[in-house]
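A.B. asks: Turn this into a model:
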Amino acid sequence: MYFPYLRGKQFELIALRNLSENYLISDKTIPIIEPVKLSSTLISTIQEFIKRKNNIGIVINPQVGAFQEDIEESKNDTLYDKYKELLNDENIIKTYIMNEDSEEEIPQIQINDKLDSIIVCINDIDYLETYEKYFCEDKPKYTLIKDESSFRRKIKDSRVISDDKFNKRARNIDYLKKEDEFFSDDHIYFKDDGYIGFSDFSVVGSEYKDTGFAPFAVAIHIHYFDDESNLRIRHFVSNSNEDIQDPAGKFGEALKKLIEWSNNRNIKETEGLKEFKRLYKESKYSGLGVVKKLSIMHHLELVNEYLETTN
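C.D. replies: Sure thing, here's the model as predicted:
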């Protein structure tokens, strides 16, 4: 099973919603959203998954973003009420991140939820003792861990390998140094390695930033399978990268490289890739958020189809 981990920014949410709307998410894929803002887009995305009866994990104790502050400020409005209502749907898997406050938080979770019904994420070895204390009998539905011996020795049931596979560069122009690189083979070997699933951060990476910036270069990141079914990623970078002017022109340069490359390869034409091709044909630029959305859609559809056809 595949557990793509995404923060609840607008275009990440829209990518998931569009995939669900187009029946491109199956029971082989359970996305996990760490909300960073209480928004109507978050609500509509959750509603779409419920409508299609697709499972989705929602982090109930986000560690980044302004979600907790939004909750405190919104406890008397309809958006908050709707969010709380949706969390109780059978297709929502509450997800918990182990942290320094877990000793106080987990007993509160037990008041309303069974611990064996949730997803747990643990990426710090210092929280293993607390994990073992509360989950020694009631094992979580799934536990996302690093592929390290310290975690593997302690956590043996329903474990999911979780890793940031995206080699994020400081600047988009730096992707020109290595335009094509290995991404992952976890989808091939996760069962052999004793896991029931695998997780990654798609083309976004695990680092979280609240604000964006105007880049000197525009980069499009596209996954594809090589002849051995390894997942690779190719970076298409604009040419005119001397300043931040004309982002639409920079996008056009990067997009042209993507279209020429994809036309000469036997690459799956996902909904995301089809939309890139439409933008190229119509010479349209809809902003960098849309670029990220389409790259995420392409990646998740690609992996979901692989699991559908091989498992």
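
A.B. asks: What helices and strands are in contact with the helix or strand hosting Glu12?
C.D. replies: Here Glu12 is covered by helix 10-21, with elements defined by DSSP states H and E. Packing partners of helix 10-21 (3 or more C-beta pairs under 8 Å, 6 or more residues apart in numbering; DSSP states H and E): strand 5-7, strand 32-34, helix 40-52, helix 288-310. All C-beta atoms are positioned from the backbone trio N, CA, C, and that covers glycine.

A.B. asks: Can you give the distance of that helix from its chain's centre?
C.D. replies: In terms of C-alpha atoms, centre = their mean, to the nearest Å, the centre of helix 10-21 is found 11 Å from the chain centre.

A.B. asks: Quick check: what element follows the strand or helix carrying Lys94 along the chain?
C.D. replies: Taking DSSP H and E as the criterion, Lys94 maps to strand 92-97. Once strand 92-97 ends, the next helix or strand along the chain (criterion: DSSP H and E) is helix 102-112.

A.B. asks: From Leu79, how far off is the residue nearest to Arg278 when sequence neighbours are not counted?
C.D. replies: Spatial nearest neighbour of Arg278, chain neighbours left out: Lys284 (7.8 Å); criterion: C-beta to C-beta, 6 or more residues apart in numbering. Counting by C-beta to C-beta, to the nearest Å, the gap from Lys284 to Leu79 is 32 Å.

A.B. asks: Can you list the low-confidence ranges for the stretch 151-300 of the chain?
C.D. replies: Where the stretch 151-300 of the chain drops to pLDDT under 70, the residues are 211-212.

A.B. asks: Can you give me the neighbour number for the residue nearest to Glu12 when sequence neighbours are not counted?
C.D. replies: The shortest distance from Glu12 to any non-neighbouring residue, by C-beta to C-beta, 6+ apart, is to Leu6 (4.3 Å). Leu6 has 19 neighbours, counted by other C-beta atoms under 10 Å.
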